[in-house]
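K.L.:
Just the structure for this:
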Amino acid sequence: MRKMIGMCVTSCLLLGSMGAVAAQAEKPAAHPIVSMPQDSFNGMNYILVVNGKPLQDRSVYSSENELMIPLRSLTEALEYKVTWNQEKKSVELQRAAQWFSLTIGEDRYNVARMLVQLGKAPELKDGRTYVPLSFAEKVLKMKTTVDETGVITISASEDAVQNMLQTNGVITEVRDLESGGKALHVMGKTTTTSGHGSIALNIDDKTEIIDGVTSKPLTAKDIKEDMKIQAFYSPKLTKSIPPQGHAERIVVFQQLGKVTGTVTEIREGKGNTLVHVDGATDNKVENDVVLGFNEETNVLSVDGKGVDKEQVKKGDKVTAYYGPVMTMSLPPMSNANTVILETK
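P.N.:
Modelled structure (predicted):
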């Protein structure tokens, strides 16, 4: 076999953490949102997104294999009043009838006068209080997810942002509208009960567009194909396929790499499945990519329905979005973000 995954066996071990020498996905970024520097816990520089809005505070770190998040930044984003007691080294949180307290170094979180243990005590670092990520879920009753590129999403409920629907995915198509806005086709994973894996969204000057890395506002002109985004939209949609609606908020993270071609080989790697894609189906190894399928990889049919990763077989036609980090091997290797299975 001329295209041998065997030539990448050494590199295969890198996909779990992507911590070896790596290069950015070859597709150049269309605007300053490129990949995040990979320099902290598990090689990630984490971004906190709370109810659809990225926080400027990036001070997430690891302590005994626990992700620790900044308490004040999180809770003030949720409109809690935060009170620090210097003498007791404790914090009180209050919002309407909700009340919580915690003490540095004690794995006892006071929730409405009842004690809850999380297996990890709050910590004081550089004069700031940090709590384990599980605090958001088990104490504040939020929904939390962490994706493969380090985006930590914390939302108030399944329909988190003012009852809007949400899809996390990639922009597969962008069209200019006569009105000056743009029409986007987004494919990905819905995080709300009534969301859609394939959705057509119009954006205009009423759409709030945010740079997920810097938290700075963007405009419709900044939106390009192959961008990884979080899209929030109204439940008022057409009954077409895909459904169409208006985007209320777009959070943009990275420009991803893209490959369209044929699956030529599949093998099990360390903690993931390695899928060799013959780019452009041209038998030229320089156009190929070896993709790591992991827990965060989203596989979809062309109409946006979820597909089990095990259904991807040798000979299938796929379009895959990957990155933002990839190895410098030949063919390069990268974690797959969204994979569209074009073979029925």
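K.L.:
Give me the pLDDT for residue 111.
P.N.:
At residue 111, the pLDDT value in this model is 90.
K.L.:
Quick check: the gap between it and residue 297.
P.N.:
35 Å (C-beta to C-beta, to the nearest Å). Using the backbone N, CA and C atoms, a C-beta is placed for each residue, glycine as well.
K.L.:
Can you list the low-confidence ranges for the stretch 1-150 of the chain?
P.N.:
1-44 (pLDDT under 70).
K.L.:
the helices in the stretch 101-250 of the chain, which residues?
P.N.:
Listed in chain order, the helices of the stretch 101-250 of the chain (DSSP state H, counting those that start in this stretch) span 134-138.
K.L.:
Next secondary structure after the helix of greatest length in the chain?
P.N.:
Counting by DSSP state H, the longest helix found in the chain is helix 71-77. Heading C-terminal from helix 71-77, the first helix or strand you meet, by DSSP states H and E, is strand 81-85.
K.L.:
neighbouring strands for that next one, and are they parallel or not?
P.N.:
Here strand 81-85 is paired, per DSSP bridges, with strand 90-95 (antiparallel).
K.L.:
buried set for the strand it pairs with?
P.N.:
90-93 (16 or more other C-beta atoms under 10 Å).
K.L.:
Stretch 268-282 now?
P.N.:
269, 272-279.
K.L.:
List of residues touching that stretch?
P.N.:
3, 5, 12-13, 15-16, 259-267, 287-294, 309, 312, 317-318, 320, 331, 333, 335-336 (C-beta atoms under 8 Å, 6 or more residues apart in numbering).
K.L.:
quick one: terminal-to-terminal distance for it?
P.N.:
24 Å (C-alpha to C-alpha, to the nearest Å).
K.L.:
I'd like the average pLDDT over it.
P.N.:
Mean pLDDT, stretch 268-282: 89.
K.L.:
Pull the distance from that stretch to the chain's centre.
P.N.:
Taking C-alpha atoms, centre = their mean, to the nearest Å, one finds the center of stretch 268-282 at 21 Å from the center of the full chain.
K.L.:
same thing with stretch 164-172?
P.N.:
Chain-centre distance of stretch 164-172: 10 Å, with C-alpha atoms, centre = their mean.
K.L.:
rewinding a little: just give me the closest of the buried residues of strand 90-95 to residue 244.
P.N.:
Taking C-beta to C-beta as the measure, residue 93 is the one of these closest to residue 244, at 40.8 Å.
K.L.:
bridging residues for that closest one?
P.N.:
On the basis of DSSP bridges, residue 93 is bridged to residue 82, residue 100.
K.L.:
need the contact list for it.
P.N.:
So residue 93 contacts 75, 80-83, 99-101 (C-beta under 8 Å, 6+ apart).
K.L.:
quick revisit: closest to residue 220 among the buried residues of stretch 268-282?
P.N.:
Here the nearest of the buried residues of stretch 268-282 to residue 220, counting by C-beta to C-beta, is residue 279; it sits at 30.3 Å.
K.L.:
mind checking how far the closest one is from residue 262?
P.N.:
Residue 279 sits 9 Å away from residue 262, taking C-beta to C-beta as the criterion.
K.L.:
wait, isn't residue 184 in contact with residue 247?
P.N.:
Yes - contact criterion C-beta atoms under 8 Å: residue 184 and residue 247 qualify, at 7.2 Å.
K.L.:
Name the residue most distant from the centre of the protein?
P.N.:
The outermost residue of the chain relative to its centre, with distances by C-alpha atoms, centre = their mean, is residue 87 at 39.3 Å.
K.L.:
now that residue: how far from residue 104?
P.N.:
Residue 87 is 12 Å from residue 104, by C-beta to C-beta.
K.L.:
Equivalent analysis for residue 220, please.
P.N.:
On the measure of C-beta to C-beta, residue 220 and residue 104 end up 45 Å apart.
K.L.:
Of these two, which one has the most company?
P.N.:
When neighbours are counted by other C-beta atoms under 10 Å, residue 220 and residue 104 differ, and residue 220 comes out ahead with 20 against 15.
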